[in-house]
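Chemist: Show me the folded form of this:
(one chain, ligands or ions: 1)
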Amino acid sequence: MATLDILTYPDPRLRERCRPVGAFDDGLRSHVADLIETMHASRAIGLSAPQVGDTRQILVVDLSEDQSAPEVFINPQLVTKLGFGFVQESCLSVPGVERSVGRAMSVRVSARDVHGRSFERELEGMAAVAVQHEMDHLCGKLFIDRLSWLRRYFATRSANAHAAADHGSGLSI
Ligand code: ZN
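Modeler: Take a look at the predicted model:
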């Protein structure tokens, strides 16, 4: 396993639309293991493949306090979403920025596992937010895109200032 480098805003590779995974092979499983290790090493609760320069539809989340429950969603689709609320979000790819974003608070997602088997999962609260945040990455979208233009202006200024100062990152999605 290996820890992968994380792309940061405004890297244009974060803007690409990801393609579905077609081959559920050992190469995929090894890459997913690296994604999980990178998420854990970064103290994040979620990570998507495009954040490490891979434009395939893969995301991982782990909402446990001791990093013991990683979950993998490959080729995820939102089946239903319910409720609405604002939650503070941050992102490994937009270091130094934390903003509240409106999201569905309950979602049902269909996806495949690392062996290509289909499954559906109901997610609530922060887990629902994390999966929606990572699914945005798979469409080339960042959480700051969901802010009003004025809030986005200040958020991107913070991101640029943070990049210049090269701080470490806190808990991120
Ligand atoms: Zn993110």
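Chemist: mind checking pLDDT for residue 167?
Modeler: Model confidence at residue 167, expressed as pLDDT, equals 53.
Chemist: same thing with the one 3 residues further on?
Modeler: We have a pLDDT of 46 for residue 170.
Chemist: Just give the closest residue to residue 121, not the sequence neighbours.
Modeler: Nearest residue to residue 121, sequence neighbours excluded (Cβ to Cβ, 6 or more residues apart in numbering): residue 109, at 5.4 Å. Where you see a C-beta, it was placed from the backbone N, CA and C, and this is true even at glycine.
Chemist: Now that the one you found has come up, it's in contact with residue 123, right?
Modeler: Yes: here residue 109 lies in contact with residue 123, judged by Cβ atoms under 8 Å, at a distance of 6.5 Å.
Chemist: if I look at residue 144, how far off is residue 83?
Modeler: Look at residue 144 and residue 83: by Cβ to Cβ, to the nearest Å, they are 23 Å apart.
Chemist: so where do the strands sit in this structure?
Modeler: Secondary structure of the chain (DSSP state E): strands located at 46-48, 58-61, 71-82, 85-91, 94-103, 106-112, 118-124.
Chemist: In the sheet, which strands lie alongside the longest one, parallel or antiparallel?
Modeler: Pointing back at strand 71-82 there. strand 58-61 (antiparallel), strand 106-112 (antiparallel) (DSSP bridges).
Chemist: so which of the ones you listed is the most packed in?
Modeler: strand 58-61 (a mean of 27; mean count of other Cβ atoms under 10 Å).
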